[in-house]
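*Asks:* With the input below, show me the fold.
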Amino acid sequence: MDFSDLRAHRFRHNFNCSSPTCRCGLENESNTHYLTSCNIFSDQRKNLYASVSSHIPNFNSLSNEEITQYLLYGNKSLKDDINIKILTGTISFIKATKRFDELEAFDET
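*Replies:* Residues are numbered from 1 along each chain as shown. Down below sits the predicted model:
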């Protein structure tokens, strides 16, 4: 549904967001940007990639969009236990970044 506190989502839905640009200033804060390229979360991403790359076929040759799909949804061609490991890694990344601990959409400043 692309309806989270990420700025690109809120901007698209006209929900308390004047710009879709990420706090890093490099591009829109989309799922793909947040999970694969935002420099604010580089350290957490290293841990994520270390935990999932061996479970995703051809990980190093995938595009950021393809990696995002694996991280958010797993893949039907993989066994359930592998998909669980990938999704658990993604959840750990989200928690480690603390990006959603305080929702910007409800920030009154």
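
*Asks:* okay, CA-based contacts and neighbour counts for the rest of this
*Replies:* Will do.

*Asks:* Sketch out the strands for this protein, chain order is fine.
*Replies:* Applying DSSP state E to the chain gives no strands.

*Asks:* Give me the helix or strand of it that scores worst on average pLDDT.
*Replies:* helix 7-12 (a mean of 92; mean pLDDT, DSSP states H and E).

*Asks:* Give me the residue ranges of the chain where confidence is low.
*Replies:* Scanning the chain for pLDDT under 70 picks out the ranges 1, 108-109.

*Asks:* try it again with 50
*Replies:* Scanning the chain for pLDDT under 50 picks out 109.

*Asks:* Can you tell me the centre-most residue of it?
*Replies:* residue 35 (2.9 Å; C-alpha atoms, centre = their mean).

*Asks:* That one contacts residue 45, correct?
*Replies:* Yes - here residue 35 reaches residue 45: they are 7.3 Å apart, a contact under C-alpha atoms under 8 Å.

*Asks:* Please save the CA atoms from the helix ranked longest in the chain in CSV.
*Replies:* Looking across the chain with DSSP state H, the single longest helix is helix 80-97. Taking Å, rounded to 0.1, in the frame of the first residue of the first chain, the C-alpha atoms of helix 80-97 are listed here in CSV:
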residue,chain,number,x,y,z
ASP,A,80,9.5,-20.7,4.1
ASP,A,81,12.4,-20.9,6.6
ILE,A,82,14.6,-18.8,4.3
ASN,A,83,11.8,-16.2,3.8
ILE,A,84,11.4,-16.0,7.6
LYS,A,85,15.2,-15.3,7.9
ILE,A,86,15.0,-12.6,5.3
LEU,A,87,11.9,-10.9,6.9
THR,A,88,13.4,-11.3,10.4
GLY,A,89,16.5,-9.5,9.1
THR,A,90,14.4,-6.7,7.7
ILE,A,91,12.5,-6.3,10.9
SER,A,92,15.8,-6.1,12.9
PHE,A,93,17.0,-3.4,10.4
ILE,A,94,13.8,-1.4,10.9
LYS,A,95,14.1,-1.6,14.7
ALA,A,96,17.8,-0.8,14.6
THR,A,97,17.3,2.4,12.5
